[in-house]
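*Asks:* have a look; sequence and predicted model below, questions after that.
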Amino acid sequence: MKKTIIITGGAGFIGSHLIRRMVNQYPDYLIINIDALTYAGNLENLKDIENLPNYHFRKVDITNWQQIKDVFIEFNPDSIIHLAAESHVDRSIENPMAFVMTNVVGTVNLLNAAVQQLKTKPDFLFYHVSTDEVFGSLDDGGYFHEKTPYDPKSPYSASKASSDHFVRAYGNTYQLPFIISNCSNNYGPYQFPEKLIPLMIYRILKNESLPVYGKGENIRDWLWVEDHAAAIDLIFHSPKSLGQTFTIGGKNEWKNIDIVYLLCDSMDQKLNRPQGSSRQLITFVKDRAGHDLRYAIDPTHLENTIGWKPSLTFEEGLNKTIDWYLQNQEWVNRVTSGEYQKYFEKQYQGRV
Ligand code: NAD
Ligand code: TYD
């Protein structure tokens, strides 16, 4: 095997796309997926590759030092790509400590394991996957880029900002080779349906009300998840990346309400419903506390240094996403049964 890479959070949304790509693209790498399988992690996401010889899964909670140590001893990795996280802003408002534990303590545990690994593998690489939300909210225009000062505003983004700072501090203090990328909002298959796009798709399908926070005027910059996975792969392999930060985004800003309109109209067509009928489901609900107004990425550094470009238009990506959710209703039903249903009703009732 040419390289042994631990990927954390591989049973989640972005992690599963990255693992599928790496396992298929690099048969001579050994890819180790470590994941605690929280509500957001689902091994079903990787059914198609689970029996390939260059893939292994270990159930590891990154807040547990012993479990991390054991997996590092078992596989003696050359690098780690770290995606495991609590990732939903609304949940971070309800229970910030879970975010501190996984996103901060969990990341520092992995950094400590990486520093120990440096003793025998001085080139050990720590690739940290982060979010553009660490930069705050673009209320007055402009774009996030690699030099934008940190200004996190939600417990989620504060925990991710903290983890980014720890990664750089370990680079400076222990000479740990690292890379950080901060990406905009992702969408695509296997996204847990608590996030805007899959939530709206599955509620339109079930003819249920569509909770739009505030006036729906907040803006997000959306990227097809496989384009994010491709960017991580290219950055990971480029000799120019070491010690660098990259902001990743597809120059694709949308107001929330316009996305909801797009989804309603496209699904009316696909489901043979009268045009305009799904829009009737839109319900404006109480705004998210501290709701960031706008995120938008300037990806010039990534494009110029790495040569990455998004592969799909938003219309193509959204179309593929809707089709996937329509064809995988069993998956949606399974991941949203039980605890999630109670959580969602509680969230929603607090808002109307
Ligand atoms: P996700 O919530 O879909 O998946 C997270 C995964 O981490 C799950 O498989 C979960 O089981 C696992 N996990 C959670 N706590 C863990 C723990 N203590 N130990 C081990 N595993 C644990 O998240 P996602 O949307 O795929 O995001 C992945 C990463 O990318 C995160 O670090 C997130 O901050 C970052 N990111 C996400 C987006 C986005 O739009 N989704 C954008 C930019 C960056
Ligand atoms: P989300 O998918 O939670 O991602 P993030 O908050 O990390 O950007 O939300 C995307 C946008 O959609 C955000 O502005 C909040 C809004 N939103 C709604 O209006 N209704 C919803 O039910 C959800 C989940 C989000």
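*Replies:* That came through, no problem. Remember, predicted model here, so these are calculated numbers, not experimental data. Ligands and ions are numbered 1, 2, ... in the order given.
*Asks:* near ligand 2, which residues of the stretch 251-352 of the chain? Just list them.
*Replies:* Applying CB under 6 Å from any ligand atom, we find that the stretch 251-352 of the chain lies next to ligand 2 at 256, 288. For every residue, glycine as well, the C-beta is placed using N, CA and C.
*Asks:* cool, and the stretch 1-150 of the chain?
*Replies:* residue 89.
*Asks:* show me where the stretch 1-150 of the chain has its strands.
*Replies:* For the stretch 1-150 of the chain, the strands defined by DSSP state E, counting those that start in this stretch cover 3-8, 29-35, 55-59, 79-82, 125-131.
*Asks:* kindly reformat these as JSON lines containing mean neighbour count.
*Replies:* Output for the strands of the stretch 1-150 of the chain, formatted as JSON lines (neighbours: other CB atoms under 10 Å):
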{"stretch": "strand 3-8", "mean neighbour count": "23"}
{"stretch": "strand 29-35", "mean neighbour count": "24"}
{"stretch": "strand 55-59", "mean neighbour count": "17"}
{"stretch": "strand 79-82", "mean neighbour count": "24"}
{"stretch": "strand 125-131", "mean neighbour count": "24"}
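*Asks:* now those as CSV including mean pLDDT and distance to residue 96?
*Replies:* CSV is the format used below for those (pLDDT from 0 to 100; distance: least, CB to CB, whole Å):
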stretch, mean pLDDT, distance to residue 96
strand 3-8, 98, 21
strand 29-35, 98, 22
strand 55-59, 98, 25
strand 79-82, 98, 20
strand 125-131, 98, 16
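*Asks:* nearest to residue 285, of these?
*Replies:* Nearest of the strands of the stretch 1-150 of the chain to residue 285, taken as CB to CB: strand 125-131 at 23.9 Å.
*Asks:* mind listing the strands the closest one pairs with, and their directions?
*Replies:* As defined by DSSP bridges, the strand partners of strand 125-131 come to strand 79-82 (parallel), strand 178-183 (parallel).
*Asks:* what are the buried residues along the helix or strand following it?
*Replies:* Sequence-wise, the next helix or strand downstream of strand 125-131 (DSSP states H and E) is helix 155-174. By neighbour count on 16 or more other CB atoms under 10 Å, the buried set for helix 155-174 is 155-164, 166-167, 170-171.
*Asks:* out of the residues you listed, the closest to ligand 1 would be?
*Replies:* residue 160 (5.4 Å; CB to the nearest ligand atom).
*Asks:* relative to residue 315, how far out is that closest one?
*Replies:* Distance of residue 160 to residue 315, given as CB to CB, to the nearest Å: 30 Å.
*Asks:* quick one: low-confidence ranges for the stretch 251-352 of the chain?
*Replies:* Along the stretch 251-352 of the chain, the model assigns pLDDT under 70 to residues 349-352.
*Asks:* residue ranges of the helices in it, please?
*Replies:* For the stretch 251-352 of the chain, the helices defined by DSSP state H, counting those that start in this stretch occupy 256-270, 300-306, 314-327, 329-335, 339-349.
*Asks:* in CSV, list those helices along with distance to ligand 1 and mean neighbour count.
*Replies:* Formatted as CSV, the helices of the stretch 251-352 of the chain follow (distance: least, CB to the nearest ligand atom, whole Å; neighbours: other CB atoms under 10 Å):
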stretch, distance to ligand 1, mean neighbour count
helix 256-270, 14, 18
helix 300-306, 14, 16
helix 314-327, 13, 17
helix 329-335, 10, 14
helix 339-349, 12, 12
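*Asks:* residue 102 is nearest to which of those helices?
*Replies:* The closest of these to residue 102 is helix 339-349. By CB to CB, the value is 17.1 Å.
*Asks:* contact residues of the stretch 101-250 of the chain facing ligand 1?
*Replies:* Residues of the stretch 101-250 of the chain lying near ligand 1 (CB under 6 Å from any ligand atom): 102, 106, 129, 131, 160, 183, 185, 186, 192.
*Asks:* 8 Å instead, please
*Replies:* Contacts of the stretch 101-250 of the chain with ligand 1, taken as CB under 8 Å from any ligand atom, map to 101-103, 106, 129-133, 156, 160, 182-187, 190-192, 195, 223, 225, 228, 248.
*Asks:* of those, just the buried ones, ChimeraX syntax please.
*Replies:* Entered in ChimeraX, the line below selects the buried ones among those, by 16+ other CB under 10 Å:
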select :101,102,103,106,129,130,131,132,133,156,160,182,183,184,185,186,187,190,191,192,195,223,225,228,248
